[in-house]
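K.L.:
coords below, sequence missing:
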RNA sequence: GCCCCCGUAGCUCAGUGGAUAGAGCAUCCCCCUCCUAAGGGGAGGGUCACACGUUCGAUUCGUGUCGGGGGCGCCA
């Protein structure tokens, strides 16, 4: 596939050559910006100002020398020196007129750039505890991670998507216990249901399922279940842990079945939910396999061998303060159990053992304090911590009736991702989530999302796509024939504006990949749609003058292709009609 | 107390070491005999929280103050 060389890159090359001639000993970065004002040209370059500073000369004089030294080019119409030393470049319109055909020849890959050069990159996201349905908070990480992964793949990275399944921890035991207690109630064994167990209705549904499959096989007496359990009002968590211990003792090998049943149900639901949301993973990595395969022990042994572990108060600690953390961290508790952190050390070492050059973890912003210890563990194991990039996503806070809604999974108080998708649709949900910078808090007003679903910017973009499809359908010709259209007929200011915008798409993809910021694509698409709508109102496409008609159809077909390509990066559909 | 994010138009938010800071919503005025009006054109609306510093140039970078949100466990 031919990668289109944008005018910006070609103009930058002209400047680089000129600067080498004017100042052979300096190597200033050539930065071109698209000026806000049309009178400042297609591109403005400020290189004369820092260069003037370095050479201790008047920037405008330096600019004049750069302009004089610029190689001749058929791209450039004229060059002006303005203000304190800007060099404004005005391109010949022909430059932009090449763009629509280049888009169509790229066959849906016009935005592809080779920023990544095939670097092997893993992106891990969502990784929600499989202890209940995904809620709208998880939705943001899912939409962000999936869109980012698409953007990075488009930018030339070899991307693998991974979900880390927390199937080994206490939360899963609490879920198994919660399910069992609901099941026991069906059997007539009434044990008071702890307030800090999982309250959601789905727990009862799983209990029903187990009862339907196995009758009273897992019944134990309420008295046995509560034997020796401290009262909940003294220490609610100890109460829960004692119930779990009793469950494991009373059920023996059957406990694993209940635990596994709850896990499979919730993980299956989660996978199903994400798939419907257009979010797919290459790998679902089980935390339990880290324990069972001895990977945790091996990882800790590796740290111990290099003197990064010590023992105190019966627990084993990682000296993370030696790597910039604010305090040392326990990896193996006094009771012999590994901490979640120990598993995470093994997991991250495993990621790099699998050959990834770079790993991106998408985490909720509440985990920011966790970064130094994980990076510290990598450094302690001799891995460059810079190869792990943690992309923090700020909270999505849900508002209902102007009130902040509770988002506790254990208390069963949340709006599920599934509910949200049903109410506003997958497209609007995907778009809404990435319309904000990831480090910006997202206020997700449910009522607004519902009531204004027709005003959601995603429809504005999809409408542009549908409008073009409608015109092309009315025309009834073959898209490939438009490649031969003479673009010289495109002279209207709105046509030129649209062609310029199309040329920016690869830059937007590159910027979104570089900054891990898929929202850049969303904003680009809105601008592109705006240019299309403006042109739609300014010029008829299906005119009698066939060469003009074909040139315009070529332009809007290219616009359709870029809208479709960009929306696909965000996981949003591009409908033919609305 | 320490750490992270944020503070830009009435509201929700983009944006940039550069020239006259933008969009959507809301308000007001226009535009369908015409390919989808889920659209377009125009108007009003700003001390880019505040102060100091770096710089030829700061809304952008740094420090501090104020304000909002979040996090700091031998939980996961």
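P.N.:
That came through, no problem. Given the structure is predicted, the values throughout are model-derived calculations rather than measurements.

K.L.:
contacting residues around residue A:70?
P.N.:
Going by CB atoms under 8 Å, 6 or more residues apart in numbering, residue A:70 touches A:14-15, A:17-18, A:76, A:79. Any C-beta I mention is one placed from the backbone N, CA and C, and that applies to glycine too.

K.L.:
how close does it sit to RNA strand B?
P.N.:
As judged by CB to the nearest atom of the strand, to the nearest Å, residue A:70 and RNA strand B stand 16 Å apart.

K.L.:
quick one, phi psi at that residue?
P.N.:
According to degrees, to the nearest 10, the main-chain angles of residue A:70 amount to phi -70, psi 130.

K.L.:
quick one: name the residues of the stretch 101-250 of chain A near RNA strand B.
P.N.:
A:129, A:166, A:168-172, A:237 (CB under 7 Å from any atom of the strand).

K.L.:
if you could redo that for the stretch 401-550 of chain A, that was the one I meant.
P.N.:
Contact residues (CB under 7 Å from any atom of the strand) of the stretch 401-550 of chain A with RNA strand B: A:435-437, A:439-443, A:454-455, A:457, A:459-460, A:463, A:466-467, A:469-471, A:474, A:517, A:519-520, A:523, A:526, A:530, A:533-534, A:536-542.

K.L.:
in ChimeraX, select just the buried ones from those residues.
P.N.:
A single ChimeraX command is used to select the members of these judged buried by 16 or more other CB atoms under 10 Å:
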select /A:435,436,442,457,459,463,466,467,469,471,517,519,520,526,530,533,536,539,541
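
K.L.:
in strands, which of the residues of the stretch 401-550 of chain A next to RNA strand B appear?
P.N.:
Among those, the members falling in strands (DSSP state E) are A:442-443.

K.L.:
top of the contacts of residue A:70 by number of neighbours, please.
P.N.:
residue A:15 (24 neighbours; other CB atoms under 10 Å).

K.L.:
re the thing from before, list only those of the residues of the stretch 101-250 of chain A next to RNA strand B flagged as buried.
P.N.:
A:129, A:166, A:168-169, A:171-172.

K.L.:
closest point of chain A to RNA strand B, which residue?
P.N.:
Using CB to the nearest atom of the strand, residue A:169 is the residue of chain A that sits closest to RNA strand B, at 1.7 Å.

K.L.:
any idea how far residue A:270 is from that residue?
P.N.:
Counting by CB to CB, to the nearest Å, the separation of residue A:169 from residue A:270 is 16 Å.

K.L.:
check residue A:62 too.
P.N.:
The value you get for residue A:62 to residue A:270, if CB to CB is used, is 60 Å.

K.L.:
and residue A:359, what helix or strand is that in?
P.N.:
Taking DSSP states H and E as the definition, one finds residue A:359 inside strand A:358-364.

K.L.:
so what strands line up beside that strand?
P.N.:
strand A:120-124 (parallel), strand A:388-393 (parallel) (DSSP bridges).

K.L.:
tell me which helix or strand comes right after the first one.
P.N.:
Next helix or strand after strand A:120-124 toward the C-terminus (DSSP H and E): helix A:136-154.

K.L.:
show me what counts as buried in that next one.
P.N.:
By neighbour count on 16+ other CB under 10 Å, the buried set for helix A:136-154 is A:136-154.

K.L.:
after the worst-scoring helix or strand of chain A on mean pLDDT, next one along is what?
P.N.:
Least confident helix or strand of chain A, by mean pLDDT, DSSP states H and E, is strand A:403-404 with a mean of 66. Later in the chain than strand A:403-404, the nearest helix or strand by DSSP H and E is helix A:417-424.

K.L.:
enumerate the positions of that next one that are buried.
P.N.:
A:417-418, A:420-421, A:424.

K.L.:
and for stretch A:289-299?
P.N.:
Those would be A:290-291, A:295-297, A:299, for stretch A:289-299 by 16+ other CB under 10 Å.

K.L.:
so how far is that stretch from its chain's centroid?
P.N.:
29 Å (CA atoms, centre = their mean, to the nearest Å).

K.L.:
cool, and stretch A:338-354?
P.N.:
That offset, for stretch A:338-354, works out to 22 Å (CA atoms, centre = their mean).

K.L.:
ditto for stretch A:219-237
P.N.:
44 Å.

K.L.:
now stretch A:96-104
P.N.:
Using CA atoms, centre = their mean, the offset of stretch A:96-104 from its chain centre is 30 Å.

K.L.:
what's the answer for stretch A:479-487, then?
P.N.:
Going by CA atoms, centre = their mean, the spacing between the C-alpha centre of stretch A:479-487 and its chain's C-alpha centre is 36 Å.

K.L.:
one more: stretch A:242-250?
P.N.:
40 Å.

K.L.:
give the rounded mean pLDDT of it.
P.N.:
In this model, stretch A:242-250 carries a mean pLDDT of 96.

K.L.:
pull out the buried positions in it.
P.N.:
For stretch A:242-250, by 16+ other CB under 10 Å, it's A:242-244, A:246-248, A:250.

K.L.:
tell me the contacts of residue A:324?
P.N.:
Neighbours of residue A:324 in contact, by CB under 8 Å, 6+ apart: A:372, A:375-376.

K.L.:
burial check on residue A:33, number of neighbours?
P.N.:
Neighbour tally, residue A:33, other CB under 10 Å: 12.

K.L.:
I'd say it and residue A:41 touch.
P.N.:
No - the pair residue A:33 / residue A:41 is not scored as a contact, 10.4 Å apart, by CB atoms under 8 Å.

K.L.:
next up, the contacts around residue A:63.
P.N.:
Residue A:63 touches A:48, A:52, A:81, A:85-87, counting by CB under 8 Å, 6+ apart.

K.L.:
sorry, wrong one. I was asking about residue A:514.
P.N.:
Per CB under 8 Å, 6+ apart, neighbours of residue A:514: residue A:115.

K.L.:
report pLDDT for it.
P.N.:
So, for residue A:514, pLDDT stands at 93.

K.L.:
now do the SS call for the closest residue to residue A:61 other than its chain neighbours.
P.N.:
Spatial nearest neighbour of residue A:61, excluding adjacent residues (CB to CB, 6 or more residues apart in numbering): residue A:52 at 7.5 Å. Look at residue A:52: counting by DSSP: H, G, I helix; E, B strand; the rest coil, its state is helix.
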